[in-house]
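1. From the sequence below, what's the structure:
(one chain, ligands or ions: 1)
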Amino acid sequence: MNDNCCSQTSAGSEVCELPSTTVQRKSKPEIFCPKCNKKGKFVQGQTVKALLSVSLLSVQNTEYYFCRTQSCPVVYFNTDGESTFTTSQLRERVYQKEPNADDVFVCYCFKHSVAEICNASPEARVSMVNDINTGIQANKCACDLRNPQGSCCLGNIRGLMKQTEQAFIQS
Ligand SMILES: [Zn+2]
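-> Below you'll find the predicted structure:
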């Protein structure tokens with residue numbers, strides 16, 4: 001088993017792959033958030049445990065999923081929907097739930113906030129992405145333990161950068 005979080009970058013993509021390839025995400029059933037009924041994204045148990053601020057006695061020994069719906073307070077829910085954890089039960093604020101909040105992190109490992117990314121010059125953005133990639137390649141990231149979504153932030157970073165560039169062009 002390769003427990004090296006970010007060494008496996010597939011060609012052309014710098015998105016970091018989480019540890020166990022034993023976790024077969026493709027074969028996971030579609031599980032829907034009991035609150036908003038949107039499809040959840042499978043997260044590893046260690047992500048839930050690392051991100052919760054409440055006693056871990058309340059964590060069930062089942063699989064958990066991440067709800068990315070902005071308006072939904074639920075962050076994690078388990079397969080049967082009996083166990084849920086909301087934003088107020090996490091140690092971190094969740095980017096997907098507050099995408100417009102300046103001080104929420106988009107990159108949790110290297111600490112880049114929404115405002116920092118939005119306000120950065122084009123050059124600063126390039127170097128920010130380069131720094132993140134350098135950190136990933138040096139195995140300095142811990143997305144599964146720091147990022148509430150349990151996976152690499154780069155997709156979100158690029159998405160946000162694109163979004164603000166388009167807003168700038170349109171303004
Ligand atoms: Zn939800």
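2. Flag every buried residue along stretch 32-41.
-> Using 16 or more other CB atoms under 10 Å as the test for burial, stretch 32-41 gives 33-36, 40. (Glycine included, C-beta is placed from N, CA and C.)
3. Check the spacing between N130 and the ion real quick.
-> 34 Å (CB to the ion, to the nearest Å).
4. same check, this time on T62
-> Here T62 is placed at a distance of 17 Å from the ion (CB to the ion).
5. can you put the buried residues of stretch 32-41 in JSON lines and add secondary structure and distance to the ion?
-> As requested, the buried residues of stretch 32-41 are arranged in JSON lines below (DSSP: H, G, I helix; E, B strand; the rest coil; distance: CB to the ion, whole Å):
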{"residue": "C33", "secondary structure": "coil", "distance to the ion": "3"}
{"residue": "P34", "secondary structure": "coil", "distance to the ion": "8"}
{"residue": "K35", "secondary structure": "coil", "distance to the ion": "5"}
{"residue": "C36", "secondary structure": "coil", "distance to the ion": "3"}
{"residue": "G40", "secondary structure": "coil", "distance to the ion": "7"}
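6. Identify the farthest-apart pair in those.
-> K35 and G40 (10.6 Å; CB to CB).
7. and the lengthiest strand in the chain, which strands flank it?
-> In the chain, assigned by DSSP state E, the strand with the most residues is strand 74-78. Here strand 74-78 is paired, per DSSP bridges, with strand 64-66 (antiparallel), strand 84-86 (antiparallel).
8. For it, buried residues please.
-> 74-78.
9. Now do the SS call for the one residue sitting closest to the centre of the chain.
-> Nearest residue to the geometric centre of the chain (CA atoms, centre = their mean): Q149, 2.9 Å. Following DSSP: H, G, I helix; E, B strand; the rest coil, we place Q149 in the coil state.
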